[in-house]
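Q: generate a structure from the sequence data that follows.
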Amino acid sequence: MKPILSLTGQTVILETDFCTDVDDVAALSLLCGEAKAHPEAFRLGGVSCNVRSPFVAAAVKTVLSAWGLQDTPVGVTGDDLPPSGDRSEYLAGLAARWRGADPAAACSGRELYRRILSEAADGSVDVISIGFFNTLDEALADDPALFRRKVRAVWAMAGGFARCAAMSEFNVKGYRDAARRFLEAWDGPILFVGFECGETVMTDLSGLPAEYDSHPLVEAFRHHRGPAMKRSSWDPITVDLALGGENECYELGEPGRVRVAPDASTPFEPDPAGNARVLRFRAPDEAVSARISSRVRAAAGLPPR
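A: Predicted structure coming up:
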């Protein structure tokens, strides 16, 4: 699967559970910075928030505005939140900084997909999913032919593989039935970043001068992580893989199929005709951490470590 930055004129939809963890903010920051740096390759068509909160749309807009992307449409689910989905140390603070139009006017996630897909050329949309599957499930079920025709690939932080093969990963178990339905129905390419990849790889924003305290990414990390200013990197790794593909740190495993088991684990079954592949590291965790920290800092306009 060709990475997004090797293409021309793609549209990216970010599917995010923005507020449950701060790695979503790092992932959105990386995506915004790369969209501004590589406008010929892709544009950020929209951000779909698969958690419902009175603060989520405004908080996302605050981050988008740091790159001048505040006009990027934001969709918000109408679904009830799964347990712990509404707890966030940073969301209300980011939302309070938004000075644009009333974010309550944000469309639904389903409407966001309908708008973007109906206007896109065939095969010109990539979905980067770093949250739950509820809105993706709805978007595919609303118009399966349209979704399959327009979406080239889904890049998903979801599930557990290798040493984490037996786990019930958060993004899957939050809306287990939606994850099961989507993975059964979606037969296009899907590239997985499992829990095992991001857990021990840190996005490190420590040691920044005080002049960067007002940056929305720095503020979010400070509220969520305190003085450590480090967090596991599940979501920024997913964005980095989608944009740049395989490299000295990343490789994709053999083709296969992934399903959601009754216990919300995600068994991988090798199959040469399968639509799924799973990320593996070629480099030690420390090297991947250095890559991700550097990529996120550069995209956000922050000084290197």
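Q: tell me the buried residues in stretch 147-161?
A: Of all the residues in stretch 147-161, those buried under the rule 16 or more other Cβ atoms under 10 Å are 147, 150-161. Glycine gets a C-beta too; all of them are placed from N, C-alpha and C.
Q: ok, residue 57 to residue 262 distance?
A: Look at residue 57 and residue 262: by Cβ to Cβ, to the nearest Å, they are 34 Å apart.
Q: what about the two, which has more around it?
A: A count of neighbours by other Cβ atoms under 10 Å puts residue 57 above the other of residue 57 and residue 262, at 25 against 7.
Q: for my notes, confirm that one occurs in a helix.
A: Yes - residue assignment for residue 57, taken from DSSP: H, G, I helix; E, B strand; the rest coil, places it within a helix.
Q: which helix or strand contains the closest residue to residue 34 other than its chain neighbours?
A: Ranked by Cβ to Cβ, 6 or more residues apart in numbering and with sequence neighbours excluded, the top spatial neighbour of residue 34 is residue 243, at 5.6 Å. Residue 243 is part of helix 234-244 when elements are defined by DSSP states H and E.
Q: list of residues touching that helix?
A: Contacts to helix 234-244, defined as Cβ atoms under 8 Å, 6 or more residues apart in numbering, come from residues 3-5, 12, 14, 16, 21, 23-24, 26-27, 30-31, 34, 126, 128-130, 155-157, 191, 193, 195, 197-199, 201, 203, 250, 279, 288, 291-292, 295-296.
Q: what subset of those residues is buried?
A: By neighbour count, with 16+ other Cβ under 10 Å, these hold 3-5, 12, 14, 16, 21, 23-24, 26-27, 30-31, 34, 126, 128-130, 155-157, 191, 193, 195, 197-198, 201, 203, 250, 279, 288, 291-292, 295-296 as buried.
Q: OK, contacts around residue 71?
A: By Cβ under 8 Å, 6+ apart, residue 71 lies in contact with nothing.
Q: tell me the secondary structure at it.
A: Secondary structure of residue 71, reduced to three states by three-state DSSP: coil.
Q: for it, give me phi and psi.
A: When read as degrees, to the nearest 10, the backbone of residue 71 gives phi -80, psi 0.
Q: mind checking pLDDT for it?
A: Note for residue 71: predicted pLDDT of 94.
Q: do the one 4 residues further on as well
A: The pLDDT attached to residue 75 in the predicted structure is 96.
Q: ok, it touching residue 138?
A: No - counting by Cβ atoms under 8 Å, residue 75 stays clear of residue 138, with 10.6 Å between them.
Q: which one's more surrounded, these two?
A: For residue 75 and residue 138, the more surrounded residue by other Cβ under 10 Å is residue 75, and the numbers stand at 26 against 20.
Q: ok, the residue nearest to that one when sequence neighbours are not counted to residue 149 distance?
A: In space, not counting the residues next to it along the chain, residue 75 is nearest to residue 112; the distance is 3.2 Å by Cβ to Cβ, 6+ apart. According to Cβ to Cβ, residue 112 stands 17 Å off from residue 149.
Q: kindly report the same for residue 178.
A: Taking Cβ to Cβ, one finds residue 178 at 22 Å from residue 149.
Q: just residue 44 next, same as before
A: Note on residue 44: its distance to residue 149, by Cβ to Cβ, is 21 Å.
Q: same question for residue 191.
A: Counting by Cβ to Cβ, the gap from residue 191 to residue 149 is 19 Å.
Q: same check on residue 261?
A: Relative to residue 149, residue 261 is positioned 30 Å away (criterion: Cβ to Cβ).
Q: now swap in residue 73 and tell me
A: Separation of residue 73 from residue 149 (Cβ to Cβ): 21 Å.
Q: great, nothing more from me.
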